[in-house]
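[1] Predicted structure and sequence below. I'll ask about it afterward.
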Amino acid sequence: MISIRAHRAAWEAFELKVVPITPNTTLSPRNNPAGGRAHHAMSPPRQEESTTVTDGIHGRRIRPDEGPLLRRLRLAALADSPAAFWQTLGAARTLPAADWARRAEGGADSPADLVALVERAGEAVGMVQGFTPTGRPWLRELGAMWVTPAARGTGAADVLLAAAVTWAAQAGAEAVKLWVAPANRPARRLYTRTGFVVLGGPRPITDDPSVKTFVPMLLPLHPPQRR
Ligand SMILES: CC(C)(COP(=O)(O)OP(=O)(O)OC[C@H]1O[C@@H](n2cnc3c(N)ncnc32)[C@H](O)[C@@H]1OP(=O)(O)O)[C@@H](O)C(=O)NCCC(=O)NCCS
């Protein structure tokens, strides 16, 4: 159950801060709706953050011809953090180039699908994907969220998440959903401080109960009806 308070807090956090996300949009930690890594109120910024949250980090949508880059980032993510994702590195490696090309084309300029990248000093250091679950046009679901270890703690994750939430809001979605591994504390902290709330206990993401379990989290994008 999502409380009215959580609804309102999430809305107020993102209201009036939506900026268009196109392949050329720059999102810095200062203009992203999540507020930036150094600005959240739940814990004081670490010492190094005042210098690492800089203009060198920005988010953008993938370009239609960046299928090879998407493949490189996704394979790096799966090699780095196999427990964080349901997909395996072995399975992703077998996907043909056409599949990555199709994902990049679909994620570049669509209200239904998204691939957002975060760059530092001009180099891609992270990614997130978004899609519209079948039969739920009011919802956007996120996945494949990853920041390379060297860029963690810099605000890059906030920029990525902000790009995805902004995309969902621009598309008119009422909520953003994602799945996170129960033991993935950095990711759960990131999502919680952004306004996501846990929807229920861990459950398998497929019908096969022997596969990994994930916790569903939801970020409401619209204010509750006032009574
Ligand atoms: C999840 C991820 C994108 C977050 O990026 P990040 O740059 O680490 O994010 P942040 O720096 O904002 O850190 C997130 C939180 O985790 C905390 N954290 C960092 N390392 C941690 C650790 N080893 N153990 C526990 N918490 C940790 C941070 O302090 C922060 O919490 P805070 O808001 O209370 O300070 C990144 O860690 C990542 O790519 N992980 C591997 C892939 C993954 O898990 N993807 C998510 C799939 S759902």
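    Received the coordinates, thanks. Numbers count the residues shown, from 1 in each chain.

[2] who in the chain is up against the ligand?
    Residues of the chain found near the ligand (Cβ under 6 Å from any ligand atom) are 37, 43, 81, 84, 145-147, 152-153, 156-157, 180, 184-187, 189-190, 193. Glycine gets a C-beta too; all of them are placed from N, C-alpha and C.

[3] name the helices or strands packed onto the helix or strand containing residue 166?
    In this structure, residue 166 sits in helix 156-170 according to DSSP states H and E. Helices and strands touching helix 156-170, by 3 or more Cβ pairs under 8 Å, 6 or more residues apart in numbering; DSSP states H and E, are strand 57-61, strand 114-120, strand 123-131, strand 139-147, strand 175-180, helix 185-194.

[4] Include mean pLDDT and mean neighbour count when you put the ones you listed into JSON lines, please.
    What follows is the helices and strands packed on helix 156-170, written out as JSON lines (pLDDT from 0 to 100; neighbours: other Cβ atoms under 10 Å):
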{"stretch": "strand 57-61", "mean pLDDT": "95", "mean neighbour count": "23"}
{"stretch": "strand 114-120", "mean pLDDT": "98", "mean neighbour count": "25"}
{"stretch": "strand 123-131", "mean pLDDT": "98", "mean neighbour count": "21"}
{"stretch": "strand 139-147", "mean pLDDT": "98", "mean neighbour count": "23"}
{"stretch": "strand 175-180", "mean pLDDT": "97", "mean neighbour count": "22"}
{"stretch": "helix 185-194", "mean pLDDT": "97", "mean neighbour count": "17"}
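
[5] any idea how far the ligand is from the residue lying closest to residue 130 once chain neighbours are set aside?
    Once flanking residues are discounted, residue 130 sits nearest to residue 114: 3.6 Å by Cβ to Cβ, 6 or more residues apart in numbering. From residue 114 over to the ligand the distance is 15 Å, taken as Cβ to the nearest ligand atom, to the nearest Å.

[6] My guess is residue 114 contacts residue 167. True?
    Yes. Using Cβ atoms under 8 Å, residue 114 is in contact with residue 167, at 4.8 Å.

[7] if we can go back for a sec, including distance to residue 201, could the helices and strands packed on helix 156-170 go into a markdown table?
    Listed next are the helices and strands packed on helix 156-170 as a markdown table, based on distance: least, Cβ to Cβ, whole Å:
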| stretch | distance to residue 201 |
| --- | --- |
| strand 57-61 | 32 |
| strand 114-120 | 28 |
| strand 123-131 | 24 |
| strand 139-147 | 18 |
| strand 175-180 | 12 |
| helix 185-194 | 13 |
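
[8] Indicate which one of the ones you listed is closest to residue 218.
    strand 175-180 (5.2 Å; Cβ to Cβ).

[9] Direction included, what does that closest one pair up with?
    When pairing is defined by DSSP bridges, strand 175-180 lines up against strand 139-147 (parallel), strand 213-220 (antiparallel).
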